[in-house]
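Asker: okay, sequence plus prediction incoming.
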Amino acid sequence: MKLLYILIICCEIINCYNHVIPTWVAYPLSYLFFNEKGNTIRERILCPNAYERVYYSPRSIGYFLQNIKLKSHGSKVYYYNGEIKKK
């Protein structure tokens, strides 16, 4: 599951393109690219500064992936066997 989450984050960041070379600030990545209030992948995973997100037509797989509904931040995560993941 962790690998899938990392893969989705990488795809979302790759789907952003740069207009200007960014000046990186030394903040944790979660602070720069994560919005706890987002309800979809597109809203929760943010593009880096000076980048724009690529938007897809509603009938494409890219649109589907960007608009997957997420549980609220901090929700319980269950393993395949029903156990709750510890933080």
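Answerer: Alright, I've got the coordinates.
Asker: quick one: least confident helix or strand in the protein?
Answerer: Ranking every helix and strand in the chain by mean pLDDT, DSSP states H and E puts strand 16-18 at the bottom, with a mean of 56.
Asker: got the contact list for Ser72?
Answerer: Contact partners of Ser72, counting by CB atoms under 8 Å, 6 or more residues apart in numbering, are absent. All C-beta spots, glycine's among them, are computed from the backbone N, C-alpha and C.
Asker: and it, how far from Gly38?
Answerer: 10 Å (CB to CB, to the nearest Å).
Asker: okay, and the closest residue to Gln66 other than its chain neighbours sits in which element?
Answerer: Once flanking residues are discounted, Gln66 sits nearest to Arg42: 4.0 Å by CB to CB, 6 or more residues apart in numbering. Assigned by DSSP states H and E, Arg42 falls within helix 41-44.
Asker: what does that helix contact?
Answerer: With CB under 8 Å, 6+ apart as the criterion, helix 41-44 contacts 8, 12, 34-38, 53, 65-68, 70, 73.
Asker: just the C-alphas of it, formatted as PDB.
Answerer: Extracted as PDB, the C-alpha positions of helix 41-44 are listed here (Å, rounded to 0.1, in the frame of the first residue of the first chain):
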ATOM      1  CA  ILE A  41      -5.600  13.300  -4.900                       C
ATOM      2  CA  ARG A  42      -5.400  16.500  -7.000                       C
ATOM      3  CA  GLU A  43      -6.400  18.600  -4.000                       C
ATOM      4  CA  ARG A  44      -4.200  16.800  -1.400                       C
END
